[in-house]
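**Student:** Build me a model:
(2 chains)
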Amino acid sequence: MTVLFLSLLAASAQAGTESTKPHSAFLSIAWRGYSMADHLSHGPALSGGVSLFQDQLRIGVAATTRPGTLNPATFALELDEPYKGQDTLQLRSDGGGAGLYIAPGRSLSQGRVHLSLPVMFGRGGYGFYLVGEDRVTPDGEKPSVWEDRLLDGADSAFGWALDAGVQLCLIPSTRLEGQVRPVVGLHYHAILGYDATYTDSYQGPSVSLGIEVRPN
Amino acid sequence: MWMLLLALNSADAAEQAVTLSGAWSGAEPRVELGTFRRLDSGVQLGAMVQVGQARGVYLDGWPVTGGRTRAVLGSVTVPLIQRGVQMDLRLDLGPQFLAATETTGPHSSAFGVRGVLSPMATVPLGERAALRLGWSFKYAMELDPVRDTEAQAFIIRGGVNLALSQSVQLAALVESGSVFGFDGDGAKYLNRGTLGVRWTPASATPWFNL
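**Tutor:** Purely as a prediction, here's the structure:
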């Protein structure tokens, strides 16, 4: 993936020397709010690559993450046998996905709005983990060993990650000539075939708010 | 490493920079000394030495709450687009060392390698300032005592560079992103703020994409 990304950016660099400048590069950082696995969560997302044919097609890489550290939601796990005297454990969850990014798009409203349909396809996964004092295990083993035991070897699950949606980019008429733009999006994120012990589905809609840079 | 630092600084004095920065994060506050040289092509080569405190890092997946971290990194920055807004791709690569004084694990030291790939945009805000936006993909592998992925991380980055004078700049950067390593036993998130000073003794214009 890194090699592909470098190749795409190298192509962009060559394109950048052309006088007509139909091609460029783009970078985007955003924050996402998710409704996945029956709870609300949030986390950072990013993308970058080349912008081709007057921004009608973007190709690059992208990643989305849902960190457990920033999300206080816990997930109750009923135990057959007590863990440190507890019959129910409160787990946290984290994960994300990364992959190739393709976004066809077009300009609207005399070039003041850019509408795109970004799709990311790659690998991803989400898991559930012990938190706080529960990470100090009874026998001194690492937390991951006990997470495997308590969750029957499937404390997490990985698979193909698919993220698709619609994105609206507002192009302001500033002296930066619209090269730095606010962007909002509505997406659907899924790990295909997800099957962990705690849940057999980790997918759902998300909204994003971010900033993108595309040199004109 | 010091030979490399000296070599980078002893050559043509036209496009060189020396950087000193301090980075704060709960896991590893650290300082960094670096030297950079900009070639005629716009490519920037650099070398950095980092020394930090281990307050919440991981050694073979075991938490380390006391100790020292060190890293020696080489850096290559390739300019991709320069149209007012500049876009660069930077790669930092090198060995890292951890000496633990407080840990619940059986090991007291570790050696590994780290690579950080960072596409970054530099947006001019007048002649004396620039906004920096982008992200990083970091991969770090512990090689000894155990070969394992220490961290893979996607980190978003934003900051401001200010020219205090023609040859002195102030740089502030904030980073935030998810981390995964040691099969879930490692770090899980990074929040880091960095404040640095850059000395560019002979540059005609401020060196904002550093």
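
**Student:** Paired strands for the longest strand along chain A, with orientation please.
**Tutor:** In chain A, taking DSSP state E as the definition, the longest strand is strand A:86-108. Taking DSSP bridges as the criterion, strand A:86-108 forms sheet pairs with strand A:57-66 (antiparallel), strand A:75-83 (antiparallel), strand A:113-116 (antiparallel), strand A:119-129 (antiparallel).

**Student:** what about that strand, distance to the chain center?
**Tutor:** The chain centre lies 4 Å from the centre of strand A:86-108; the measure is C-alpha atoms, centre = their mean, to the nearest Å.

**Student:** Kindly report the same for stretch A:82-99.
**Tutor:** Counting by C-alpha atoms, centre = their mean, stretch A:82-99 is centred 20 Å from the centre of its parent chain.

**Student:** for it, what is the average pLDDT?
**Tutor:** Across stretch A:82-99, pLDDT averages out at 96.

**Student:** just stretch B:30-38 next, same as before
**Tutor:** Summarised as a single mean, pLDDT over stretch B:30-38 is 97.

**Student:** Stretch B:79-98 too?
**Tutor:** The average pLDDT within stretch B:79-98 is 95.

**Student:** before we move on, the earlier item: pull out the buried residues from the longest strand of chain A.
**Tutor:** Neighbour counts over strand A:86-108 (16 or more other C-beta atoms under 10 Å in any protein chain shown) mark A:89, A:91-103, A:105 as buried. Bear in mind the C-beta positions are built from the backbone N, C-alpha and C, glycine included.

**Student:** Quick check: nearest residue in space to residue A:24, chain neighbours excluded?
**Tutor:** Closest residue to residue A:24 apart from its sequence neighbours, by C-beta to C-beta, 6 or more residues apart in numbering or on different chains: residue A:51 at 4.6 Å.

**Student:** pLDDT of stretch A:167-186, averaged?
**Tutor:** 88.

**Student:** And for stretch B:203-210?
**Tutor:** The pLDDT scores in stretch B:203-210 average 82.

**Student:** Show me which residues of chain B sit near chain A.
**Tutor:** B:61-62, B:78-87, B:89, B:104, B:117, B:119-121, B:123, B:131, B:133-135, B:137, B:154-158, B:176-178, B:180, B:182-185, B:188-189 (C-beta under 8 Å from any C-beta of the partner chain).

**Student:** hmm, 7 Å instead?
**Tutor:** Listed as neighbours of chain A in chain B under the rule C-beta under 7 Å from any C-beta of the partner chain: B:61, B:80-81, B:83, B:85, B:87, B:89, B:117, B:119, B:121, B:123, B:133-135, B:154, B:156, B:176-178, B:183-185, B:188-189.

**Student:** Show me what whatever helix or strand residue A:166 lives in is packed up against.
**Tutor:** Assigned by DSSP states H and E, residue A:166 belongs to strand A:156-170. Contacts defined by 3 or more C-beta pairs under 7 Å, 6 or more residues apart in numbering or on different chains; DSSP states H and E place strand A:156-170 against strand A:86-108, strand A:113-116, strand A:119-129, strand A:180-192.

**Student:** how about those, which one is nearest residue B:113?
**Tutor:** Nearest of the helices and strands packed on strand A:156-170 to residue B:113, taken as C-beta to C-beta: strand A:86-108 at 20.8 Å.

**Student:** Would you mind extracting the C-alpha trace of that closest one into PDB?
**Tutor:** Provided in PDB are the C-alpha atoms of strand A:86-108 (Å, rounded to 0.1, in the frame of the first residue of the first chain):
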ATOM      1  CA  GLN A  86     -16.400 -10.200  39.200                       C
ATOM      2  CA  ASP A  87     -19.200 -12.000  37.400                       C
ATOM      3  CA  THR A  88     -19.600  -9.200  34.800                       C
ATOM      4  CA  LEU A  89     -16.700  -7.300  33.200                       C
ATOM      5  CA  GLN A  90     -16.900  -3.900  31.500                       C
ATOM      6  CA  LEU A  91     -14.900  -4.000  28.400                       C
ATOM      7  CA  ARG A  92     -13.800  -1.200  26.100                       C
ATOM      8  CA  SER A  93     -13.600  -1.400  22.300                       C
ATOM      9  CA  ASP A  94     -11.300  -0.100  19.600                       C
ATOM     10  CA  GLY A  95     -10.300  -0.600  16.000                       C
ATOM     11  CA  GLY A  96     -10.400   0.800  12.600                       C
ATOM     12  CA  GLY A  97      -9.700   0.200   8.900                       C
ATOM     13  CA  ALA A  98      -7.300   1.300   6.200                       C
ATOM     14  CA  GLY A  99      -7.100   0.800   2.500                       C
ATOM     15  CA  LEU A 100      -7.300   2.100  -1.000                       C
ATOM     16  CA  TYR A 101      -9.400   5.100  -1.600                       C
ATOM     17  CA  ILE A 102     -11.200   6.100  -4.700                       C
ATOM     18  CA  ALA A 103     -13.500   9.100  -5.000                       C
ATOM     19  CA  PRO A 104     -15.300  10.100  -8.200                       C
ATOM     20  CA  GLY A 105     -16.600  13.700  -7.900                       C
ATOM     21  CA  ARG A 106     -17.600  16.800  -9.600                       C
ATOM     22  CA  SER A 107     -17.900  20.500  -9.000                       C
ATOM     23  CA  LEU A 108     -21.200  22.200  -8.400                       C
END
